[in-house]
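Peer 1: attaching a predicted model along with its sequence, questions to come.
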Amino acid sequence: MKYILSILIITGIIFTVSLSNTGIAGNNSIAYSAFYVVPPNYAGVQGTGTFLGPLSNAQRTYQLLIRDSILTGLVGQQITGLTYRLIASATSNWPASDVTFTNYDIYLSQSVAPENRSFTFANNIVGVQKRVRSGSLTITAGSFPFGGSPTTFGSDITFDSAYVYNGGHLLIEIRHTGFSGTSSSTDALLTSTAGYAYLFSACWAGSYTATSTTTQGNFAVLRLNTSPVVGINNNNETANQFKLNQNYPNPFNPVTNISFNIEKQSNVTLKIYNAAGMEVETLINNEQMEAGTRSIIFSGDKLSSGIYFYTLFINGSKFDTKKMMLIK
């Protein structure tokens, strides 16, 4: 049985907190899901302009570059979908009837800093680009509501696979083939808006397969669908070493992300200790894992401020220990 306890809105993050009853006294578990608005300060404010690209009936390639400093609330989360909202002057819900994009592909990766955006799309990608959604997309009638300022975000465009955000500037690339029907403008930020070309920037082309452009674009206000994650890898590359990474953020309050690499299938244990060397929590208990990169969220909400240590054990043997600081 699951109960929705509360909804919190903090700097662009809308948290839904639910309590799952496991049937064991004292063993109820808390699960979090969240909607993260980008840029966060526009969560409750209408944008300064409009942009047609994401919901255009013509082909588009659209890149959005986002600075890491406005994504700190996303660190250690998996991004599972996104959506947009209509402009304040919209007079009806969109679309009037179902529309279908033959192809609506979304790619996520790290990015160059927004001020270093290039009009050659490939130059904006840092590291491995992951395609999180592909194929046709049907948007049912009325999925994007009108009214209010800001307007309400539309239904989520759900990803085929999640993307784990572990820090760094973020690049969202959208490529679609358009549809038969009437386009809709989305709420956006003009290129003259404060923060454009530093906190965020964008560029676009009128083709599904474009490799370059000559046009910068207004930045569509986004709502990202997110949730905590354990053991999801952003690519299919195999880790070439065992490595325990420094938690991020550090110091933290009260949530931080711990990640590690394993080079081959192994039994993994991850424990938390206080400054006196006493174990305070086991995050992973002798779990068999395939080679790759893993991330786990640790919450110190029940602990007091201070120094803590986390230790990774591989096949029963201590591998590495790192220090972290909880500040409340």
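Peer 2: That came through fine.

Peer 1: now do the same for the residue nearest the centre of the chain: its pLDDT.
Peer 2: Nearest to the mean C-alpha position of the chain, by Cα atoms, centre = their mean, lies Ile79 at 3.3 Å. Note on Ile79: pLDDT of 93.

Peer 1: ok, Ile13 next?
Peer 2: 52.

Peer 1: do the same with the one 10 residues further on
Peer 2: According to the predicted model, the pLDDT of Gly23 comes to 32.

Peer 1: which element is encountered next along the chain beyond the helix or strand in which the residue nearest to the centre of the chain is found?
Peer 2: Under the criterion of DSSP states H and E, Ile79 resides in strand 77-83. Sequence order places strand 99-101 as the next helix or strand after strand 77-83, per DSSP H and E.

Peer 1: isn't Thr72 up against Pro249?
Peer 2: Yes: contact status for Thr72 versus Pro249: in contact at 6.8 Å, counting by Cβ atoms under 8 Å. Every C-beta, even on glycine, is put in place using the N, C-alpha and C of the backbone.

Peer 1: on that earlier part again, so what's the residue nearest to the centre of the chain up against?
Peer 2: Counting by Cβ atoms under 8 Å, 6 or more residues apart in numbering, Ile79 touches 108, 132, 159, 162-165, 224-226.

Peer 1: does the residue sitting furthest away from the middle of the chain sit in a helix, a strand or a coil?
Peer 2: Relative to the mean C-alpha coordinate of the chain, counting by Cα atoms, centre = their mean, the farthest residue is Ala276 (35.9 Å). Secondary structure for Ala276, judged by DSSP: H, G, I helix; E, B strand; the rest coil, is coil.

Peer 1: what's the most distant pair in the contacts of Ile79?
Peer 2: Val164 and Asn225 (13.7 Å; Cβ to Cβ).

Peer 1: chain center to the helix or strand hosting Thr293: distance?
Peer 2: Using DSSP H and E, Thr293 sits in strand 292-299. Relative to its parent chain, strand 292-299 has a centroid offset of 15 Å by Cα atoms, centre = their mean, to the nearest Å.

Peer 1: nothing else from me, thank you.
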